[in-house]
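Participant: could you look at this predicted model? Sequence included:
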Amino acid sequence: MKVVTGVVGNDIHVVANRLIDISLQARGFEVFNLGVNTSLEEFIDAVVETDADILLISSLNGEAEGWCRDLQFLRSEYNLKEVIFVIGGNLAVGEAAQSDIVPKYKSYGFDLVFHQIDLNTGLDEIERFVKERV
Amino acid sequence: MKVVTGVVGNDIHVVANRLIDISLQARGFEVFNLGVNTSLEEFIDAVVETDADILLISSLNGEAEGWCRDLQFLRSEYNLKEVIFVIGGNLAVGEAAQSDIVPKYKSYGFDLVFHQIDLNTGLDEIERFVKERV
Amino acid sequence: MSLLQKERDVITRNEYADHFDFDEIEDFIRNANKEMFISHHFKKRDRLLVQPRGGFPTYKKMFELYEEFMKADIDVLPLTIDSNTRLNDYAMAKKMLTLSEENEMDMLNGYPLVNHGYRTTRKMMTHFNKPVSLRHGTPDARLLVETALASGIFEIEGGPITYMLPYSKNFPLDKAFLYWKYVDKVCAKYSTLNEPINRESFGPLTATLVPPCIVIVIQLIEMLLSIEEGVKSFSVSFSQNGSMMQDIVTSNVLKKLARKYADMFGGEDAIINLVYHQWMGAFPRDKNLSDSLINTNTIIAAMVRADKIIIKTRDEAFGIPTMQCNAQSVANTKYTLRTLKGLPVVHDAEEEENLELEVRAIMDAVFNDPADTLWRKVFNTIKSGLIDVPFSPHIINNNEVITIRDDSGNIRIIEKGKLPLPDRCFAYEKSKVNLPESQTEVINKIIHDIGAML
Amino acid sequence: MSLLQKERDVITRNEYADHFDFDEIEDFIRNANKEMFISHHFKKRDRLLVQPRGGFPTYKKMFELYEEFMKADIDVLPLTIDSNTRLNDYAMAKKMLTLSEENEMDMLNGYPLVNHGYRTTRKMMTHFNKPVSLRHGTPDARLLVETALASGIFEIEGGPITYMLPYSKNFPLDKAFLYWKYVDKVCAKYSTLNEPINRESFGPLTATLVPPCIVIVIQLIEMLLSIEEGVKSFSVSFSQNGSMMQDIVTSNVLKKLARKYADMFGGEDAIINLVYHQWMGAFPRDKNLSDSLINTNTIIAAMVRADKIIIKTRDEAFGIPTMQCNAQSVANTKYTLRTLKGLPVVHDAEEEENLELEVRAIMDAVFNDPADTLWRKVFNTIKSGLIDVPFSPHIINNNEVITIRDDSGNIRIIEKGKLPLPDRCFAYEKSKVNLPESQTEVINKIIHDIGAML
Ligand code: B12
Ligand code: B12
């Protein structure tokens, strides 16, 4: 399976991104890592270009909300209904509860949302989700 | 004015007692310091013996309540209406609010109650109280 | 029946205590799980052991406290005894225990072990299967210690000096020596059955400007008195002085001399450990600051390479801490010890030499006393003021020594009273402080120095 | 009109910025209260200055934050800039500022200084009359710094390397050197009017297993680049390594070499200060443990004899801290510094010698580059991988150096990439670690070591 990943917006926190790359590869995914500081458009382009199954966006510095509001629109624009959209990391400025964050990002068009969730827990969940879809 | 002071019960915290002794003398009181580990009866005896104006009891280790419940009784028994009864220090086991502690000890027969109050603040208050009484 | 056993029968036959079945108790200790012996853990020396203080009146609450501690991955459980039991006032303890049980309100500042008895208490101790340390402050602890050992509590804190001079006003000191001799004898006896019972001295004393030389002398003496009775595992201790350097110097000298004196007095086979107490004086009334102070102490404990640290809580200035607060303190301390790496080994030759000279001079004065036994020599030395503990409430204490802090927070002796300090040592102490002119200013400085951590 | 002034006119003429009145700004700086200059406070050197981080989008909330800090007796106020402004995306910053103002919800992770402008911001700075430090992470900070200085912010953090390699993915490094040259020039110019403007480098870099030799080399280079432009007050910095000893060693070598190189390159009259950052890596998700970590760092800052400490909060793992939480952190730190006395002065000759050799070898490689100016030499050195920052997101970075922790928590180099380390130094580094056999185990160890404080 192909995964496009990276860190959205003006965010340059790279450590998680490197670990995600390693972990996805270890789990047998084919990884296209756009790295940090990636715009939503770049992500969408890469998904189209690579014909990816999963788009896995990270955000650490609190910017995600500002960038991801237009996702719903792009998603239908490019007709990417089959692609699984995932976001994880630290999804708010300041401290925020999962119960507030998850529905909000789902309404933006994400299938899976991981706010302050351990990486492996999240990746397990993604694999489960993939299985159920098939 | 004569003050009998000391630490009530099986309490051996002596540091405050030494400071109280010094501070009372500095304020011109005649001090009879019974030291730590003093029973209520010893206090009353000393008050009678020295014809004291003030009885100033300290308690630090949380024991006071167990010892002072009989004060009302002793006070009327010995007819010590004129003597000012004061208690101060740390007047409960565990953390307790002043609003709970002060009425309780007043009901035991104390005129002034200082739970977790700075020494000088307390002594100022005692002097004010003495003036108002005259 | 031996004389000791006769004495034990008399002691333990007390209307407030359990009926003692000594054979059964010996069996219990012989077969007790090694995990319950702190001496077993000390042998491994793989980490700094963490121990809080804590005691609640009722069995139920005590049990709950231990459960909280276990969640925080505690190393050594404490059993702190209430202050009535400490003064052998079991009647008052019983009355307050009953009130506590009836009212769901704590009327005692610790666990009244004698009233609960060993049969009941042992259930708790074997349930948790951890080393437990008995914290009290009792001059006559004979019945208390018998009950503790029978309960599965295999570390006994205290001693004839450290549990007398800070903890009592007029209990006869000579009696205390004999009562603690009894305690040491019983501990030594049980030590042959399984892992040794650990005895620990209480170095903080009054926790109020006590100079390191006095602390160390008293630590060495209580260690020697225990070794004399056959104790094989002993912990010396001290508490934060207020200067990191003075803590390090105290530790270095205490460790060195404890080993030297132990070897000199027939304790070559005794294991000596070092315990560090977090700040024992007055705590700030802001709980966040207390947390900071506690963490600072954890770091110093690691720096002085202690074997065990006894911790405080953010509730210290207010009263007996809640269980949650106490357990949190354990968790915080464990975290810091786990993440703190690469500690330097520090020495200060000049300070260490001076302190060692002071200690040796006082120890020599003790040994030169003409009395026939060590405890009598010590008794005479205290009585004559050659050993003198600042802010002791006890009538026998000389109360002439006056100490003050220098600019680096070190406690320095400015009035030596009858302490037999060499002239050059006393000169060294005085050279470190700029004494204020007036007597009032000195008193204000002392009050200020008592509150060094406020 | 000078060339610089022409450039300044161009830079400051920006649709999102205030109109700049340079004469008025010079007047303001000339007459500004000395209390506002951190360089003035450094001169006194009477205490370790405490500075938090902190920036909120709106003026109102920023003002309230400062009020909270003042209550906690703060030494240096921070102004942290949002990450859009950092990447010169003033349009996005403006949009998010408007959203924040309308919705009473923070949509930016810092204060968008350019959008607020210097006329507004200066009111806040003069009101509090404290030194303020500009924290950003901007490769092209020309407009930002002009705005800051005009606002009364007299400490500018950052540099062409330290604000590039950790903070940017593909901003051209050569441009960054020129943009920071501009910043240094402007700072130097204003420094002649009153107390000097302080420049500070950002030693923590990516805060992820960066070896001390790389940190020190980059500190020295940014210091020399600033001195070259006439800066007279400069702070070098580093963050907690994870081993107290390595922190002490880093400090000793950094202080020594900073003075040496400054003197060698015409900066004899420049004042060099040391700043210590509390742990900059991933924080534990238990706030009580974070408090412990923060306090540990305060003690280490005092042990390494820093001039300023930049602190974290118990909210670090979660997000931008609340003001109360941030102010509490200041109060806790001030308390520990006030009560912590008697710190030992520590050295480790072997470690210090090794580290100094490493640094000198890399510095020699920089100076031996054939380019004509220092910044070009440095550019070439980074491009060719002679300087290499682990976990840098920047495309120019070589990413070959691999580090790992030894048993004492020291960061050690196990793959040197193109770092020009002397053989004996690299051998020393490797001799300290027991490398796991398999590559997977090494990766797991690295992941584990990144999370050293979890
Ligand atoms: C030092 C100390 C000791 C020393 C005492 C040495 C000595 N002989 O004096 C040692 C280590 C021996 C000790 C022993 C014990 N202690 Co103690 N000790 C302390 C400690 C840390 C400081 C006390 C001190 O000296 N403060 C400095 C002086 C100057 O301040 P102060 O005593 O608070 O007094 C001030 C005010 O209270 C006030 N004040 C006092 N009296 C009066 C009267 C009036 C009229 C007024 C206006 C004001 C006033 O003015 C004083 C000066 O500012 C306190 C905790 C704390 N405060 O941080 C615990 C504390 C008092 N101890 C406590 C306890 C329980 C004990 C023990 C029972 C053992 C135990 N469980 O830990 C034993 C006591 C044995 C016994 N029989 O009493 C508890 C009391 C609990 C409670 N109230 O709920 C405390 C609060 C610790 C705790 N949180 O558990 N202790
Ligand atoms: C190291 C660090 C930095 C370094 C980054 C170096 C680099 N290039 O990577 C430096 C110092 C340069 C830095 C800069 C900044 N930082 Co920073 N930084 C951190 C810090 C301390 C650790 C991050 C880290 O590396 N963690 C280790 C990795 C392994 O863990 P992680 O990033 O948390 O990722 C894990 C999970 O989030 C999860 N995860 C991530 N993505 C995904 C995706 C999926 C699908 C799943 C399931 C899980 C998942 O798995 C990862 C592995 O366990 C955090 C705070 C913290 N966490 O303690 C702040 C933090 C992330 N930074 C923050 C900020 C704001 C910034 C700055 C804007 C400046 C500032 N105001 O301080 C700048 C950013 C500039 C920019 N343009 O983005 C904030 C974000 C605030 C918020 N969300 O409200 C934090 C939380 C600090 C704080 N409390 O203020 N930072």
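Facilitator: Received, thanks. Ligands and ions are numbered 1, 2, ... in the order given.

Participant: check which residues of the helix or strand A:T121 falls within are buried.
Facilitator: Per DSSP states H and E, A:T121 falls inside helix A:119-133. Residues of helix A:119-133 classed as buried: A:119, A:122-123, A:126 (neighbour count, 16 or more other C-beta atoms under 10 Å in any protein chain shown). For glycine as for every other residue, the C-beta is placed from the backbone atoms N, C-alpha and C.

Participant: same check, this time on stretch C:78-92
Facilitator: Neighbour counts using 16+ other C-beta under 10 Å place C:78-90, C:92 of stretch C:78-92 among the buried residues.

Participant: just stretch C:65-81 next, same as before
Facilitator: C:65-66, C:68-69, C:72, C:74-81.

Participant: could you do stretch C:328-343 as well?
Facilitator: So stretch C:328-343, judged by 16+ other C-beta under 10 Å, has buried residues C:328-337, C:339-343.

Participant: which members of these additionally contact ligand 2?
Facilitator: When those are checked against ligand 2 using C-beta under 6 Å from any ligand atom, none falls in range.

Participant: can you map out the strands along the chain?
Facilitator: In the absence of a named chain, this looks at chain A. A:2-7, A:30-33, A:54-59, A:84-89, A:112-115 (DSSP state E).

Participant: that's the other chain; I wanted chain C
Facilitator: Ranges of strands in chain C, per DSSP E, are C:49-51, C:77-80, C:132-135, C:155-157, C:198-200, C:233-239, C:271-277, C:308-310, C:402-405, C:411-415.

Participant: what does the stretch 1-150 of chain C have sitting close to chain B?
Facilitator: C:83-84, C:86-87, C:89, C:92, C:95-96, C:106-109 (C-beta under 8 Å from any C-beta of the partner chain).

Participant: before we move on, back to that, mean neighbour count added to the strands of chain A, as a markdown table?
Facilitator: Shown next, in a markdown table, are the strands of chain A (neighbours: other C-beta atoms under 10 Å in any protein chain shown):
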| stretch | mean neighbour count |
| --- | --- |
| strand A:2-7 | 24 |
| strand A:30-33 | 17 |
| strand A:54-59 | 25 |
| strand A:84-89 | 24 |
| strand A:112-115 | 21 |
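
Participant: and stretch C:368-387, what's buried?
Facilitator: For stretch C:368-387, a neighbour-count test (16+ other C-beta under 10 Å) marks C:369, C:374-375, C:377-382, C:385-387 as buried.

Participant: pLDDT weak spots in the chain?
Facilitator: The chain I'm using is chain A. For chain A, no stretch is flagged by pLDDT under 70.

Participant: wait, I meant chain C there
Facilitator: Using pLDDT under 70, nothing in chain C is flagged.

Participant: let's see it at 90
Facilitator: C:1-3, C:44-46, C:83, C:86-87, C:103-107, C:109, C:137-139, C:319-320, C:435-444 (pLDDT under 90).

Participant: from the buried residues of stretch C:78-92, which land in helices?
Facilitator: Members of the buried residues of stretch C:78-92 lying in helices (criterion: DSSP state H): C:83-86, C:90, C:92.

Participant: if we can go back for a sec, which of the strands of chain A sits closest to ligand 1?
Facilitator: strand A:112-115 (39.5 Å; C-beta to the nearest ligand atom).

Participant: list the helices and strands the closest one packs on?
Facilitator: Strand A:112-115 makes packing contacts with strand A:84-89, helix A:98-108, helix A:119-133 when contacts are defined by 3 or more C-beta pairs under 8 Å, 6 or more residues apart in numbering or on different chains; DSSP states H and E.

Participant: that strand near ligand 2 anywhere?
Facilitator: Yes: counting by C-beta under 6 Å from any ligand atom, ligand 2 has neighbours in strand A:112-115: A:F114.

Participant: and chain A, which residues reach chain C?
Facilitator: So chain A never meets chain C (C-beta under 8 Å from any C-beta).

Participant: what two of the ones in helices among the buried residues of stretch C:78-92 are the furthest from one another?
Facilitator: C:S83 and C:Y90 (12.4 Å; C-beta to C-beta).

Participant: one step back: out of the strands of chain C, which comes closest to chain A?
Facilitator: Chain A lies closest, by C-beta to the nearest C-beta, to one member of the strands of chain C: strand C:49-51, at 27.2 Å.

Participant: so what strands line up beside the closest one?
Facilitator: Paired neighbours of strand C:49-51 in the sheet (DSSP bridges): strand C:308-310 (parallel).

Participant: the strand it pairs with and ligand 1 in contact?
Facilitator: No: Strand C:308-310 lies out of reach of ligand 1 by C-beta under 6 Å from any ligand atom, never closer than 10.6 Å.

Participant: identify the residues contacting that strand?
Facilitator: C:38, C:42, C:48-53, C:75-76, C:78, C:235, C:237, C:273-278, C:297-298, C:301, C:333 (C-beta atoms under 8 Å, 6 or more residues apart in numbering or on different chains).

Participant: count of neighbours near the nearest residue to A:K81 once chain neighbours are set aside?
Facilitator: Nearest residue to A:K81, sequence neighbours excluded (C-beta to C-beta, 6 or more residues apart in numbering or on different chains): A:R75, at 7.6 Å. When counting by other C-beta atoms under 10 Å in any protein chain shown, one arrives at 19 neighbours for A:R75.

Participant: follow-up on the earlier one: want to throw the buried residues of stretch C:368-387 into TSV with distance to ligand 1?
Facilitator: Below are those laid out as TSV (distance: C-beta to the nearest ligand atom, whole Å):
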residue	distance to ligand 1
C:D369	26
C:L374	25
C:W375	22
C:K377	25
C:V378	20
C:F379	20
C:N380	23
C:T381	20
C:I382	16
C:G385	18
C:L386	21
C:I387	16
